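starting from these lines, generate the structure:
(chains A and B)
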Amino acid sequence: MIRVHEVAKSFGDVHAVQSVSFEALDGQITGLLGPNGAGKSTTIRMMYGLLTPDRGTVEVDGFDPSRQTVEARRRLGALPDAYGLYPRLTARENIAYFARLQGMSKQRLTQRIDELNELLDMDEIIERRVDGFSQGQRMKVSIARAIIHDPKNVILDEPTNGLDVMTTRAMRILIRRMKDAGCCVILSSHIMQEVSALCDDIVVIAAGKVVATGNVDDFCSRTGETDLEEAFVKLVCAE
Amino acid sequence: MSVWTLIKVVAHKELLDGFRDRRALMSALTFPLLGPLMITVMLSVVTSEEEIEGPLEVPVVGVEHAPNLIRFLEEQGVVLEEPTEEMVSEPHEVVRRGDEAVILSIDEDFSEDFKSGTPARITMVADKSKRSTQVSVGRLSSLLNAYNGRTAQLRLLTRGVSPQVLSPLNIHQEDLATPQTRASNILEMIGMFLIMAAFGCNMYIAIDATAGERERGSLEPLLLQPVSSGVLVLGKWLSTVVFGILGGLLTLLCLTVAMHQLPLENLGLRLVLGPSEAAKMLLLALPLIVFAGAAQLLLATIAKSFKEAQTYLSATMILPMLPGLFASMKPMEPSLWMSAIPALGQQVMTSMVLRGDTIPIEYWGLSTSVCFLLTILCLMIMTRVLASEYLFRKGS
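Numbering: from 1, shown residues only, chains lettered A, B, ... in the order given. Purely as a prediction, here's the structure:
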């Protein structure tokens, strides 16, 4: 479970996040929805513990990522918006590197890579060097790398960006599976269909503040719209 | 997993990545091969110049005016050449073109002046700015001086004066240069190439492990792993040290082989560069390699991009070369303060090894501790930078 409580973060004069609070529960997919520059990435980086909030607290299964960094990160699988791989390493080596850094034994990680290989259908690419992979292939390796240690909490920053239909579908299936396994999944996106199709709970962020929380039906009934996109526009512009 | 295991995991990945990187390997190989190659070329140029020690060949204009001088020169083994038309009319032009090192021209009035006791004129046309002609010019002028002295002595004798009157001083030169010290210019260069290898061989891997990670977007995922940034820094640093040591080893190996291929004895040079000297030099270079890796990693971490890091590090490559370049032009007396400056200290000490001197323990101690302290400082700053928000401020 990830709990964000009234966090704020400024960079000089820029108040990137002014006040964001929400709870992402286990066994649920929580969507972070907001226009570009709304403060999603900054909020997510505070959840990773890469940035320390000026005010407020973040908890990952009860651990503060900026103070109890190691404990928090063991419980966290992260797919940042920059998900670069090492082009001269094979897909397997890329995944194994992070698995080792997560403290997994060689035997355990081999087992787990086989599992993910099957789940993500990576047979063709697993022993190939990453250089020259397509966007979709790179995303598969990145997601495998992010969840190699079987984390209870997963944060995915725009995971279907630039993917083709087939890979997007595979990604959605994977996300639902993680939810079914009882994981706490946070999904940041600006694609309405994706959020409405996947998320149990949606947090709308605009100008560094939470402007609405709830599910698609809540938003629609509150704004009198039938479509999430229209509701979103109303919510964001009301600010 | 223990911290050490994690450091090894990081170092192992960086090395695997580095050895598969053709650019990193190329840059790691450039310096070990470049140094010995340059020294070989320079030395063979020097050897070919020294080979002028054969018979001195001089074209002489106006041979008929000074038969005695000519006979003297021939007795001394000078081969006199028949001058061409151009040498007679335009001697300056011929020398300037470099066709001849020197042309000797005897005045028409030579014989008359000589007989009457007036200084008789002969002209040496030479271009002293041309290094390659200096040997011939020097030899010819000392022969002419010898003839001058001999004639003067004979003239004094015929007038009943002791020739000793003309030599109030008896100048005796003692040359203390041993063949080994004479080689010192070349020695300074060997030290310099070793130092360049220490900085050059791990440069690429240092950039790739820091600015490269950032540019590929793999730094953020890496920093999200549950390891402290100190572990990442130490692992990356270890991999640069491995590359540096391999580069140093290769440099010394190539240098040793090159030195043994060259006809150094012909030059009167004796270089002590055997396996034990090579081992000593590598040991001397080790603290510098260790420091070079840390310094380059830090610089490349702060750089905004791969290109910027490359620019910074190429610029800093020149710094460690300066003492070597300076020393090979103007040899300096080693003193203790020099060993406190990384690169300069190693320069001084490697020269000592090659000169066959023993290294004073305080030189070694000071230079090693300075390098290690600076290394720790660089690694600590880098750990702070990676752990800080510096890399993840808005817009970066």
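
pretty sure B:Met317 is touching B:Phe199, no?
Yes: between B:Met317 and B:Phe199 there is a contact under Cβ atoms under 8 Å: 5.7 Å. C-betas here are computed from N, CA, C, even on glycine.

which stretches of chain A form helices?
For chain A, the helices defined by DSSP state H cover A:40-48, A:69-74, A:91-101, A:106-120, A:135-146, A:165-180, A:192-198, A:216-223, A:228-237.

what sits against the residue sitting nearest the centre point of chain A?
The centre of chain A sits closest to A:Leu156, judged by Cα atoms, centre = their mean, with a distance of 1.6 Å. Neighbour list for A:Leu156: A:79, A:143, A:146, A:175, A:185-188 [criterion: Cβ atoms under 8 Å, 6 or more residues apart in numbering or on different chains].

okay, A:Glu6 and A:Arg55: tell me how far apart.
7 Å (Cβ to Cβ, to the nearest Å).

after the lowest-mean-pLDDT helix or strand in chain B, which helix or strand is next? Please name it.
Using mean pLDDT, DSSP states H and E, helix B:179-182 stands out as the lowest-scoring helix or strand of chain B, at a mean of 56. Once the chain leaves helix B:179-182, the next helix or strand it forms, by DSSP states H and E, is helix B:184-200.

now the element after that following helix, going C-ward?
In N-to-C order, the element after helix B:184-200 by DSSP H and E is helix B:203-207.

report the rounded mean pLDDT for the helix or strand just after that following helix.
Elements were assigned by DSSP H and E; along the chain past helix B:203-207, the next helix or strand is helix B:213-216. Helix B:213-216 carries an average pLDDT of 92.

ok, now which ones touch the residue of the stretch 51-200 of chain B found nearest chain A?
Among the residues of the stretch 51-200 of chain B, B:Gly200 lies closest to chain A, at 20.9 Å counting by Cβ to the nearest Cβ. Applying Cβ under 8 Å, 6+ apart, we find B:Gly200 in contact with B:27-28, B:30-31, B:247, B:317.

around chain B, which positions in chain A sit nearby?
A:11, A:14, A:16, A:42, A:45, A:48, A:50-52, A:69-74, A:76, A:78-80, A:82-89, A:93, A:97-98, A:100-103, A:142, A:145-146 (Cβ under 8 Å from any Cβ of the partner chain).

and the residues you listed, which are buried?
A:11, A:16, A:42, A:45, A:48, A:50-52, A:69, A:71-74, A:76, A:78-80, A:83-89, A:93, A:97-98, A:100-103, A:142, A:145-146 (16 or more other Cβ atoms under 10 Å in any protein chain shown).

check contacts around B:Ile106.
Counting by Cβ under 8 Å, 6+ apart, B:Ile106 makes contact with B:60-63, B:65-66, B:69, B:122-123.

from these, which two are the most distant?
B:Val63 and B:Thr123 (13.9 Å; Cβ to Cβ).

quick one: which of those two has more around it?
Legend: neighbour count by other Cβ atoms under 10 Å in any protein chain shown for B:Val63 and B:Thr123, higher for B:Val63 (16 against 13).

so that one is in contact with B:Arg71, correct?
No: taking contacts as Cβ under 8 Å, B:Val63 lies outside contact range of B:Arg71: 10.6 Å.

grab the nearest non-local neighbour of B:Cys371.
Nearest non-adjacent residue to B:Cys371, counting by Cβ to Cβ, 6 or more residues apart in numbering or on different chains: B:Pro287, 3.6 Å away.

how far away is the one you found from B:Pro342?
Here B:Pro287 is placed at a distance of 8 Å from B:Pro342 (Cβ to Cβ).

also A:Ile143?
Distance from A:Ile143 to B:Pro342, by Cβ to Cβ: 45 Å.

then B:Lys128?
41 Å.

who has more neighbours, these two?
B:Pro342 (24 against 10).

any idea how far B:Thr358 lies from B:Leu288?
From B:Thr358 to B:Leu288 the distance is 20 Å (Cβ to Cβ).

between those two, which is the more surrounded one?
Neighbour comparison, B:Thr358 and B:Leu288: the larger count goes to B:Leu288, with 26 against 7 (by other Cβ under 10 Å).

so what's the more buried one up against?
Contacts of B:Leu288 by Cβ under 8 Å, 6+ apart are B:195, B:198, B:320, B:342-343, B:346, B:371.

just B:Ala24 next, same as before
B:18, B:204-205, B:208, B:243.

cool, and B:Thr118?
By Cβ under 8 Å, 6+ apart, the contact set of B:Thr118 is empty.

pretty sure it belongs to a helix, no?
No: counting by DSSP: H, G, I helix; E, B strand; the rest coil, B:Thr118 falls outside a helix, being coil.

got a pLDDT number for it?
Here the pLDDT value assigned to B:Thr118 is 86.

now B:Leu271
Looking at B:Leu271, its pLDDT is 64.

now B:Phe114
86.

just to check, it is in contact with B:Pro67?
No: at 10.5 Å, B:Phe114 does not count as touching B:Pro67 under the criterion of Cβ under 8 Å.

which one's more surrounded, the two?
The neighbour comparison of B:Phe114 against B:Pro67 (other Cβ under 10 Å) goes to B:Phe114, with 17 against 10.

return the residues in contact with the closest residue to that one other than its chain neighbours.
Once flanking residues are discounted, B:Phe114 sits nearest to B:Ala120: 4.4 Å by Cβ to Cβ, 6+ apart. Applying Cβ under 8 Å, 6+ apart to B:Ala120 gives the contacts B:66, B:107, B:109-111, B:113-114.

try it again at 6 Å.
By Cβ atoms under 6 Å, 6 or more residues apart in numbering or on different chains, the contact list for B:Ala120 reads B:110, B:113-114.

test of understanding: give the bridge partners of the residue nearest to B:Thr123 when sequence neighbours are not counted.
Leaving aside its chain neighbours, B:Thr123 sits nearest to B:Ser105 (4.4 Å; criterion: Cβ to Cβ, 6+ apart). Judged by DSSP bridges, the bridge partners of B:Ser105 are B:Val61, B:Thr123.

that older thread, could I get the phi/psi values of the residue nearest to B:Phe114?
Dihedral angles phi and psi of B:Ala120 (degrees, to the nearest 10) take the values phi -90, psi 140.

picking that back up, so for B:Pro287 and B:Pro342, which residues contact both of them?
Taking Cβ under 6 Å, 6+ apart as the criterion, B:Pro287 and B:Pro342 both touch B:Cys371.

so where is chain A shaky, pLDDT-wise?
Applying pLDDT under 70 to chain A flags residues A:239.

how near is A:Val4 to chain B?
To chain B, A:Val4 is 17 Å away according to Cβ to the nearest Cβ, to the nearest Å.

residues near that residue, how many?
25.

which residues does it contact?
A:Val4 sits next to A:20-22, A:58 when contact means Cβ under 6 Å, 6+ apart.

buried residues in the helix or strand where B:Leu282 lies?
Assigned by DSSP H and E, B:Leu282 belongs to helix B:275-302. For helix B:275-302, the neighbour count (16+ other Cβ under 10 Å) marks B:277-278, B:280-282, B:284-302 as buried.

tell me who's in contact with B:Val290.
B:Val290 touches B:241, B:375, counting by Cβ under 6 Å, 6+ apart.

and the pLDDT at it?
pLDDT, B:Val290: 95.

three-state assignment of B:Val125?
Here B:Val125 is recorded as strand under three-state DSSP.

near chain A, which residues of the stretch 151-300 of chain B?
Counting by Cβ under 6 Å from any Cβ of the partner chain, the stretch 151-300 of chain B comes close to chain A at B:216-218, B:220-221, B:224-227.

just send those back as JSON lines, with neighbour count and distance to B:Ile190 too.
Below are these laid out as JSON lines (neighbours: other Cβ atoms under 10 Å in any protein chain shown; distance: Cβ to Cβ, whole Å):
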{"residue": "B:Arg216", "neighbour count": "16", "distance to B:Ile190": "38"}
{"residue": "B:Gly217", "neighbour count": "15", "distance to B:Ile190": "43"}
{"residue": "B:Ser218", "neighbour count": "22", "distance to B:Ile190": "39"}
{"residue": "B:Glu220", "neighbour count": "21", "distance to B:Ile190": "44"}
{"residue": "B:Pro221", "neighbour count": "22", "distance to B:Ile190": "44"}
{"residue": "B:Leu224", "neighbour count": "24", "distance to B:Ile190": "46"}
{"residue": "B:Gln225", "neighbour count": "24", "distance to B:Ile190": "43"}
{"residue": "B:Pro226", "neighbour count": "18", "distance to B:Ile190": "47"}
{"residue": "B:Val227", "neighbour count": "24", "distance to B:Ile190": "41"}
